[in-house]
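Asker: make a model of this:
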Amino acid sequence: MNLPAKRKRVPVHGVLLLDKPAGMSSTQALAKAKWLLNAEKAGHTGTLDPFATGLLPLCFGEATKFAQDLLEADKTYEATVQLGQATTTGDTEGEVIESRPVDFGREQVEAVLATFRGPILQVPPMYSALKRDGKPLYEYARAGVTLERDARAVTIHALELIEFSPPQLKLRVHCSKGTYIRVLGEDIGRALGCGAHLSALHRTGIAALSVGAACSLEQLESASAEARSSILLPVDALASTLPAIVLGDELLRRFLHGQRLSLVRETDWSGPASGRVRVLGASGHFAGTAHVNDDRLLVPERVLSTQVAAGGTR
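Answerer: Here you go, the predicted model:
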């Protein structure tokens, strides 16, 4: 019997803003998108829980070098908190372990929410991918083992009550990296004296990226091969908020070889005196990111192994 020939993967470079559906892990969503684009290399920029929906930026090819920027970025969510019930996992995937009445009004909710705005401490949940002795915490939790975890500092930049319809409240949260919205929901329920868990979670933004510009897997699957590639944002999409510096051919060649460049001697650069920048070639090709240090040296940070046109995908 002749087996069908295995598809040969092709180089694809760019960023896909995916609106992840519920019931699918981030790894499964990445694998599906990678298959649809027939891409050689792909990675995500931080996961969403399977029950959660919303913005999941996926990186392909050279764009994978810049995924770390989004891991460090602020996030925005819309969360539905089910009051009166605590679960083992803090969300709908766990078993209910406690039920209490919800007998308070909107004023009490607003007063409690005010205590969670700004810098706060969170204890990471046992059902998380954080590792202890090389093993993720969720494996201990599934075995019935609870470990001590140190509280971590996070910042809730904004916390807005969108709707209060007992026993549910809907929140909009703008938070720093490392914030667990499940834990925030549980802590709010605990402060209200009734317990709580997340019944829905929708990520609407990461840094300057919005779910409004994202596409679904169904949209990607129904598009032609050519249209699929055109959906991708350029490789420098994750660094688009950084100021740009344009280098001539010789300086660009040296930059791509990892050499430091003196901005005082070799360019009339009038950008920031220090900080991160994105580097472009004279033709507009994105070459990577760098730091301008206090001595006005351009220090390569992440450099592309091949030049990719800004706005292009290959």
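Asker: list the contacts for residue 161?
Answerer: By C-beta atoms under 8 Å, 6 or more residues apart in numbering, residue 161 lies in contact with 106, 109, 110, 113, 169, 170, 171. C-beta here means a position set from N, CA and C on the backbone, and glycine is covered the same way.
Asker: partner residues bridging it?
Answerer: residue 171 (DSSP bridges).
Asker: re the thing from before, redo the contacts of residue 161 as JSON lines? Include secondary structure and pLDDT.
Answerer: JSON lines is the format used below for these (DSSP: H, G, I helix; E, B strand; the rest coil; pLDDT from 0 to 100):
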{"residue": "106", "secondary structure": "helix", "pLDDT": "96"}
{"residue": "109", "secondary structure": "helix", "pLDDT": "97"}
{"residue": "110", "secondary structure": "helix", "pLDDT": "98"}
{"residue": "113", "secondary structure": "helix", "pLDDT": "98"}
{"residue": "169", "secondary structure": "strand", "pLDDT": "96"}
{"residue": "170", "secondary structure": "strand", "pLDDT": "98"}
{"residue": "171", "secondary structure": "strand", "pLDDT": "98"}
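Asker: and those residues, which of them are buried?
Answerer: Among the contacts of residue 161, those that count as buried by neighbour count (16 or more other C-beta atoms under 10 Å) are 109, 113, 169, 170, 171.
Asker: which of the residues you listed sit farthest apart?
Answerer: 113 and 170 (11.9 Å; C-beta to C-beta).
Asker: OK, contacts around residue 282?
Answerer: By C-beta under 8 Å, 6+ apart, the contact set of residue 282 is 246, 247, 248, 249, 252.
Asker: need the buried ones from the residues you listed selected in ChimeraX.
Answerer: Buried subset of these, written as a ChimeraX selection, criterion 16+ other C-beta under 10 Å:
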select :247,252
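Asker: closest one to residue 194 out of the contacts of residue 282, please.
Answerer: Using C-beta to C-beta, residue 246 comes nearest to residue 194 of the contacts of residue 282, at 57.8 Å.
Asker: same for the host helix or strand of that closest one, what does it pack against?
Answerer: Using DSSP states H and E, residue 246 sits within strand 244-247. Strand 244-247 sits against strand 275-281, with contacts defined as 3 or more C-beta pairs under 8 Å, 6 or more residues apart in numbering; DSSP states H and E.
Asker: what's the mean pLDDT across the strand it packs on?
Answerer: Across strand 275-281, the average pLDDT comes to 90.
Asker: hmm, who's touching it?
Answerer: Residues from elsewhere that reach strand 275-281, judged by C-beta under 8 Å, 6+ apart: 236, 239-240, 242-247, 249, 252, 255, 271, 286-292, 298, 300-301, 307, 310.
Asker: cool, and stretch 88-104?
Answerer: In contact with stretch 88-104 (C-beta under 8 Å, 6+ apart) are residues 49-51, 82-87, 125, 127, 141, 166-167, 180, 182-183, 185-186, 192-195, 197-201.
Asker: quick one: residue 243 and residue 298, what's the gap?
Answerer: Counting by C-beta to C-beta, to the nearest Å, the separation of residue 243 from residue 298 is 12 Å.
Asker: comparing those two, which residue is more hemmed in?
Answerer: Between residue 243 and residue 298, residue 298 has the larger neighbour count (other C-beta atoms under 10 Å), namely 25 against 13.
Asker: phi first, then psi, for that one.
Answerer: When quoted as degrees, to the nearest 10, the phi and psi of residue 298 stand at phi -90, psi 110.
Asker: do you know how far it is from residue 262?
Answerer: As judged by C-beta to C-beta, residue 298 and residue 262 stand 8 Å apart.
Asker: what pLDDT, on average, does the strand holding residue 246 get?
Answerer: Mean pLDDT, strand 244-247: 88.
Asker: that one pairs with which strands?
Answerer: Sheet pairing here is set by DSSP bridges, and for strand 244-247 it gives strand 275-281 (parallel).
Asker: could you list the buried residues of the strand it pairs with?
Answerer: Neighbour-count burial for strand 275-281 [16+ other C-beta under 10 Å]: 276, 277, 278, 279, 280, 281.
Asker: quick one on the thing from earlier: now do the strand holding residue 246: distance to the chain's middle.
Answerer: Averaged C-alpha coordinates place strand 244-247 at 27 Å from its chain's average position (C-alpha atoms, centre = their mean, to the nearest Å).
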